[in-house]
Structures are given as C-alpha cells and as structure tokens.
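Okay, predicted coordinates and the sequence, questions at the end:
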Amino acid sequence: MPKPRQPKSPRFPQRTPQGLPDKDTLIKHIRESGETNKAEIAKAFGLKGEDRRALRHMLQDLETEGALGRRGRRGFAESGALPEVGVVDVVERDPDGDLLVRLTKGEDAPLVVLAPPRKGDAAAPAPGLGDRLLVRFAPLEGGGYEARVIKALGAGGQRILGVIRKARREVRVEPVDRRSKDTLILTDPAAEALRDGDLVLAQASGREVRYGPQHGKLLEVIGREDEPRAFSLLAIHAHGIPTGFPAAAEAEAAQAQPPTLAGREDLRDVPFITIDPADARDHDDAVYAQTDDDPKNPGGWIVWVAIADVAAYVRPNSALDDIAREKANSVYFPDRVEPMLPEVLSNGLCSLREGENRACMAVRMVFGADGRKRSHKFVRGLMRSAAKLSYEQAQAAADGTPDDKTGPILKGIIQPLYAAYAVLKRGRDARSPLHIESAERRILIDREGEVAAITPRASLEAHKLIEEMMIQANVSAAETLEAKKTPLIYRIHDTPSPEKVQALVDFLSTLGIAWSKGEAPRTDRFNKLLDETRGGPNADIVNEVVLRTQMQAVYSTDNIGHFGLNLAKYAHFTSPIRRYADLIVHRGLVSALGLGADGLSERDIAKMSDTAESITFAERRAMAAERDATDRYVAAFLAERVGAEFAGRITGVTRFGLFVRLDDTGADGLVPISKLGGEYFIHDDRTHALVGERSGARWPLGMRVEVKLTEATPLTGGLLFEMLSEPAAPDPNAPRPRLGMRARSDRGPHGPRSGGGGFKGPPRPGQPGRPKNIRNGRKKGGPKR
C-alpha cells in the first residue's frame with residue numbers, strides 16, 4: 001500500500017530567529033501600516049540578506065492564500081484594505097440609491113459607498129454609473145469606508161473604445177486596447193447605421209450574459225480606423241483626456257485685454273529672447289543675461305527669466321480656472337495639442353511673442369563665478385521679446401554660423417547667455433544632478449496626417465542652457481514661497497528605495513561591478529557608475545538599470561526634495577500656460593510678495609493637497625495618452641515594412657519574452673519567448689536575462705540583436721519581431737537561476753514557427769521597462785523634471 005503523500009513544508013518556518021516575523025505578526029504589521037512594501041517591512045523588522053529573501057517568499061505565499069492584496073506594482077495591503085487615495089469606477093447602486101465604487105486595480109477591493117458632496121465643495125456634475133473618479137477613502141466610526149470625490153476622471157471601465165466589425169447580422173465592438181478582451185455586441189437600433197471600421201465608444205449593459213460577449217449600446221462615433229489622425233483621438237478617449245472648453249471659459253478668454261503698465265515694472269528695455277522648438281506655437285519663457293558689475297561679485301552674472309503672467313488672466317474660482325484645474329496640463333500628440341487654456345490665451349495674450357507687449361512674472365538671479373546663486377528677486381512686469389529663436393538657430397549662432405536673425409543679436413544677447421550658462425554649469429557640475437542618457441525621437445506628420453519620418457532629436461547645448469536657467473528659476477520660486485511661509489505645491493522626487501538599490505547591487509555583481517554594501521544612493525555615485533561604464537560593452541544595460549532604479553517625480557505639498565536634480569527645494573514655476581502646478585506657484589508669489597489681488601484664493605489653499613494629487617494623476621494620464629498615440633503612429637509607419645530586418649537592443653526581459661527597441665526609429669516590440677529556441681527558458685530577474693534551462697544560453701538586457709518585423713498593428717500600437725541573432729554564451733560564473741519563471745520556446749533549428757499575437761510594448765517608466773524615448777515636436781526641449 002503506497003504511503004500517503006506528505007504535505008509540502010512551507011517555504012518559511014512558522015517562527016524564525018533574527019527578526020523574521022511569522023504570518024500573524026506580518027499581517028498585523030501590514031494592517032497597522034495600511035499600505036506598505038517589502039523594503040519598508042524589511043526595514044521595520046531589521047531584515048537583511050537571507051531574511052529579506054525569505055520575506056519575499058512569505059509575501060508571495062500570503063498573497064496566494066488571499067490574505068494580502070497588491071497595491072500598485074510593489075505595494076501590499078491586507079485583503080479588503082484601501083489606500084488613502086485611489087482611482088475607482090462607479091459600478092452599481094445599492095437599494096437606497098447610493099452609488100457604489102470599486103478600485104480599478106485590486107480585484108479583492110470591496111464596494112464602497114460614494115459620499116455626497118459636503119458644504120463648500122465646488123459645484124460639479126453628479127457622477128453616474130460607469131464614471132471613473134479619483135477619491136479619498138475615509139474610515140467610518142462603525143467600520144468600513146466611504147469615498148469622497150477629489151476629481152472626476154471621465155469614462156470608467158464599463159465603457160469600451162473599439163472598432164466596429166460587422167458579421168452574421170451582428171455588430172461587434174472589438175477593443176483597441178490589446179490588453180482588453182471585452183468584446184461587445186451592440187443591440188440598440190443606432191448600431192445598424194454603423195460601418196465596418198468605425199471607431200466608437202460603447203457601454204456594456206451590465207446585464208449578465210450566460211454565453212458569448214456582453215451586450216451594449218453605442219455612445220459615440222469617434223471616427224474611422226483608416227483616418228490618419230485617428231490615433232490621437234483614440235488615445236484621448238481611451239485615457240479620458242478632457243477636450244475643448246465650456247462656453248463660459250471661452251467667453252472669459254475672449255474678454256481678456258492686452259496688458260498695461262498698471263502695477264507692473266517696465267521691462268521692455270531688457271532684450272529678452274525666447275528659445276523653443278522650431279514648431280512651437282506658445283512661448284511661456286524668455287531669458288536674458290548680463291555680467292554683474294558689482295565689485296563684490298567678480299566674474300559673476302545676472303540672469304533674467306521672464307515667464308508669461310497667466311495668473312493675470314486665469315483668476316481663482318473662474319470658469320477658466322475650473323477647466324484649467326480639471327485638465328491640469330496640456331497634452332501633446334504628434335499631430336495635435338489638447339491645450340490647458342483656450343488658444344486666445346495659450347497662443348495669444350499669454351504667449352511671449354516677438355515684438356509684442358506681454359505681462360510677465362520675472363525673476364532676476366545673481367550668480368557668483370562658481371555658479372552658485374547669490375540672490376534673486378521676483379517682479380511683476382511688462383516685457384517685449386526681442387527675438388523668437390529655435391534651439392537650432394541659437395546653437396548655430398553660438399557655434400559661429402549665425403543667420404540674418406541671429407547675427408545682429410549675437411554679441412549683445414546670444415553670446416552673453418552662453419557665457420552665463422558656462423558659469424551656471426559650474427554650479428550644476430558641483431551639485432551633480434543625475435545624468436542618465438535617453439535617446440529621444442521626433443515624429444514628423446505631413447499635411448495628410450501621415451507619418452513622414454521619425455528622426456532622432458539632437459541634444460544641443462541650447463537645450464541645456466534653457467533647462468538650467470529654468471531649474472534655477474524654479475528653485476528661486478520654491479525658496480521665496482518657503483521664506484514667506486506661503487503654501488505651495490512642490491515638485492518632489494524620492495530617493496530610490498532600498499529594495500530597488502539592492503536589485504541594482506545584485507545586478508551589478510553579475511557584471512563584476514562593485515557597489516559597497518549598505519552604500520546610500522547618491523546622484524554623484526550613480527553618475528560615477530555611468531561614467532565608468534560609458535563607452536564600454538555594458539554601457540547601455542547599466543544606463544537602463546540605473547534608470548529603472550529611480551522613483552517617479554510627483555507633486556506634493558510636503559517637501560522631501562528632488563533626488564534626481566539633487567535639490568532641497570524645488571517647485572514648477574516656468575510653464576503656467578501648460579501646467580496648473582505652475583499657475584498655483586505664480587498665485588503664491590503674487591500673494592507672498594503683495595503683487596496684486598489675484599493671488600491664492602481660500603479654495604486654492606484649502607484644496608492644495610487634493611490639487612497636488614489630482615495634477616500628479618493628470619500628468620501620468622497625459623504621458624500614457626501621449627505614449628499610446630506615439631506607439632500607434634510608429635506602428636503605422638512600420639506597417640509597410642513588415643518583413644524588413646532591423647538592428648536594436650533588448651530593453652525589457654519578461655517571463656513571456658523580450659522587448660527590443662529598434663535603433664533607427666526607437667520603436668519597441670516583442671519577441672515572444674516561444675520564438676527564442678527549442679527549450680525552456682527561465683526568467684532570471686537578478687541578472688535581467690532569459691536563460692536556457694538546458695543550454696544555459698542567455699538573452700540579457702542591453703544585448704545588441706538583429707530582428708525581423710513580422711507584425712505591425714497600428715490600431716493597437718503592437719509590434720511583433722522574430723529574433724535573428726544567436727543568444728549569448730552561457731556564463732560559467734553565474735549562479736543557477738531560481739526555478740519558477742519557466743516558459744517553453746518552440747523555436748526549432750530553422751527559426752520560429754508561425755503564430756503569436758501583438759503586444760503594446762515593454763513596461764513603462766517607473767516599472768522595469770523602457771523610458772519614454774519618443775517625443776513629438778510640439779513639446780518643450782529638455783527632460784521633464
């Protein structure tokens with residue numbers, strides 16, 4: 001008689017020494033924390049080395065058992081627990097008629113009652129079923145939670161954006177998001193008039209269907225899948241980007257008048273110039289520099305930065321303010337811009353046009369010969385731009401080839417700006433902000449709306465000049481508001497988490513690169529690592545992994561500094577035409593310095609924390625929409641080149657395949673794991689590689705490869721590649737990867753078999769994946785800070 005099978009022993013003991021908690025203690029800690037991650041738990045219990053690895057297994061097991069739920073990519077909470085702030089969908093009504101919401105991420109999240117507006121809350125349309133909201137969760141005295149609306153975000157998960165496919169007397173909506181499987185059958189009479197290939201927004205009925213797709217109704221016809229400009233429209237609708245302006249806001253903008261000198265300092269004799277992308281339509285910053293003749297500051301410079309005075313036109317509690325707060329930022333697509341402000345302001349009275357009087361908020365900064373800022377002063381002024389230049393024009397003039405426009409101002413304006421920047425650069429170098437290289441590309445759209453070309457964007461000294469002067473102006477704004485004890489929204493960037501740094505250390509050890517155990521992350525240490533590997537065989541992969549080690553910058557009323565820029569105080573001041581955060585900072589300066597009656601309102605101050613959260617969300621929403629539109633335009637550009645071969649490098653390694661970025665276009669696509677070789681592959685997350693279980697052959701992050709394009713799907717933005725290169729040889733010194741992330745490849749000796757589906761692309765910024773590497777020509781030059 002066979003012996004009964006013994007139960008498997010757990011991967012961690014019930015009780016362990018050296019601080020590793022048991023299950024009950026760990027769950028209690030997570031419950032009291034509300035939401036936490038592995039690094040914070042390890043720090044709380046003082047865990048290191050093997051204990052940290054045991055903790056990871058413990059968390060995985062508790063998640064499998066249903067005791068814990070995920071919050072984001074790395075966070076954990078007790079099942080049923082809720083974060084302080086979250087994005088929810090309105091999913092149903094209870095018997096009393098109250099709306100119930102559920103977190104969009106977290107299948108174990110409970111239904112929560114949506115609380116009614118409180119007295120004093122700004123008037124807003126009442127939410128309904130299918131809406132998506134940003135809410136704050138608050139515990140109730142009797143147990144449970146209620147959700148209070150911070151901001152409406154548009155259509156929720158019950159609405160589907162897709163393309164019409166007609167067949168067998170059915171009108172189906174196939175989602176354009178490849179990650180969605182929610183095909184709908186339209187049953188309302190309006191669907192009969194639709195044509196195959198129409199892009200529509202539809203809504204599921206919510207009634208359960210025993211077999212087949214859900215039924216739904218048509219909400220809106222967006223366009224046609226074969227229209228060249230459909231891709232940005234898809235992104236706008238898919239991400240709920242607010243479009244257009246209410247009539248009241250348009251009326252307020254139309255009534256705006258040109259500025260006068262009343263209450264302003266006359267700066268029209270200061271020869272400011274604007275330096276922007278060649279096709280920029282709005283100009284919100286201008287610069288000027290001159291030597292400091294103060295004998296106490298030998299070798300010093302005075303740098304002026306003038307910014308459009310948007311606060312003079314967008315007053316608190318106005319219709320313009322309401323829509324600007326809702327939009328939070330302009331969104332830039334390859335073929336269009338969805339502006340934060342109406343065009344009469346964004347491209348008119350708030351744009352610092354050459355030769356026209358414009359209201360501005362200007363800062364005069366004094367720098368020593370060492371590049372450190374000695375002092376600054378803000379004024380509300382009236383200016384007149386002396387010239388509108390592109391980055392390329394300014395750089396060509398500085399390099400000795402001026403044109404008819406830059407020749408006359410070369411000695412008096414352009415050369416002093418570059419000389420001042422040379423001094424500011426000394427201070428920047430001493431500060432040692434993080435210097436990660438990221439290739440950017442620009443999508444050029446022709447008159448028919450088709451992609452004419454995808455070109456690399458040159459990184460010019462002119463870009464760095466404007467960036468550094470804007471950074472210093474932003475620092476000056478934060479310092480002034482702090483000194484005046486005025487509420488403000490900071491731009492913060494956290495230090496990399498211990499968990500991320502440990503992952504970096506583990507990876508570097510596989511390359512034979514030392515990073516001292518316990519060494520605190522500093523920008524100069526990261527830069528030293530990048531400098532030491534630059535130009536070598538591991539340069540690309542180290543640059544990529546250092547990028548992934550960083551946190552995401554956010555807006556907050558609580559200051560923790562900006563790690564990437566290595567600054568203690570930082571706020572956004574220089575782009576109020578396209579960022580609501582900057583407008584709040586402008587109002588703060590008006591209030592703090594007594595520069596007018598249009599400063600911060602009581603609502604601005606009371607809602608500042610909520611505003612910081614909502615504009616952070618809006619920024620990420622805009623980035624996701626821009627990225628999705630870009631992916632679709634790139635896929636459309638490459639659709640006619642299916643079968644062509646390309647050089648690239650591996651930028652993402654996952655258990656289901658490799659993401660490869662092409663050199664010439666920056667396009668990202670997937671090589672499915674089933675097409676890599678005739679064996680099982682193990683995802684080794686420590687070395688960022690797929691490793692053949694039998695042969696040990698490796699596909700590591702950063703490896704140069706040749707691929708063939710096998711599929712391009714413009715509607716979803718997905719690209720599929722076939723691998724042409726051979727894998728790297730086994731590493732005899734590498735430890736055997738931990739089993740568990742295995743996937744079978746069916747690639748034989750003569751290449752891959754047919755099959756496979758498209759994928760959107762590698763993981764996004766802030767996840768183990770790609771940085772944003774393509775920007776359209778309408779964006780300001782230089783990185784987002």
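Looks like it came in fine.

pLDDT on stretch 395-405, on average?
When pLDDT is averaged over stretch 395-405, the result is 96.

outside of it, which residues touch it?
387, 389, 393, 406-407, 410, 414-415, 418, 460-462 (CB atoms under 8 Å, 6 or more residues apart in numbering). Yep, even glycine has a C-beta here, placed from its N, CA and C like the rest.

CA-only coordinates of stretch 457-465, as CSV, when you get a sec.
Only the C-alpha atoms of stretch 457-465 are listed here, as CSV (Å, rounded to 0.1, in the frame of the first residue of the first chain):
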residue,chain,number,x,y,z
ARG,A,457,16.3,64.7,-31.6
ALA,A,458,19.7,66.3,-31.2
SER,A,459,20.8,67.2,-27.7
LEU,A,460,22.1,70.7,-28.0
GLU,A,461,23.9,73.0,-25.6
ALA,A,462,21.0,75.3,-26.2
HIS,A,463,18.6,72.8,-24.6
LYS,A,464,20.9,72.5,-21.6
LEU,A,465,21.2,76.3,-21.3
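
how much distance is there from it to the middle of the chain?
From the chain centre to the centre of stretch 457-465 is a distance of 22 Å (CA atoms, centre = their mean, to the nearest Å).

same question, stretch 46-53
Between the centre of stretch 46-53 and the centre of its chain there are 32 Å (CA atoms, centre = their mean).

go on, stretch 638-657?
Distance, centroid of stretch 638-657 to centroid of chain: 23 Å (CA atoms, centre = their mean).

which stretches of the stretch 451-600 of the chain aren't confidently modelled?
Low-confidence regions of the stretch 451-600 of the chain, defined by pLDDT under 70, are absent; no residue qualifies.

Okay, helices next: where are they in the stretch 601-750 of the chain?
If you assign secondary structure with DSSP state H, counting those that start in this stretch, the helices in the stretch 601-750 of the chain sit at 602-606, 608-638.

Make JSON lines out of those helices and add mean pLDDT.
Rendered in JSON lines, the data for the helices of the stretch 601-750 of the chain read as follows (pLDDT from 0 to 100):
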{"stretch": "helix 602-606", "mean pLDDT": "95"}
{"stretch": "helix 608-638", "mean pLDDT": "92"}
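
Tell me which of these is the most buried.
Comparing the helices of the stretch 601-750 of the chain on average neighbours per residue, with mean count of other CB atoms under 10 Å, the densest one is helix 608-638 at a mean of 22.

hang on, the earlier thing: for PyMOL, write the selection for the buried entries among the contacts of stretch 395-405.
Here is the PyMOL command that selects the buried residues among the contacts of stretch 395-405 (16 or more other CB atoms under 10 Å):
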select buried, resi 387+389+393+406+414+418+460+461+462
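
So which of the contacts of stretch 395-405 sit within helices?
Secondary-structure check on the contacts of stretch 395-405 using DSSP state H: residues within helices are 393, 415, 418, 461-462.

Closest one of those residues to residue 436?
residue 461 (18.3 Å; CB to CB).

got a list of contacts for stretch 24-44?
Counting by CB under 8 Å, 6+ apart, residues outside stretch 24-44 touching it are 21, 45, 47-48, 51-52, 55-56, 58-59, 62, 67-68, 71, 74-78, 81, 83-84, 497-500.
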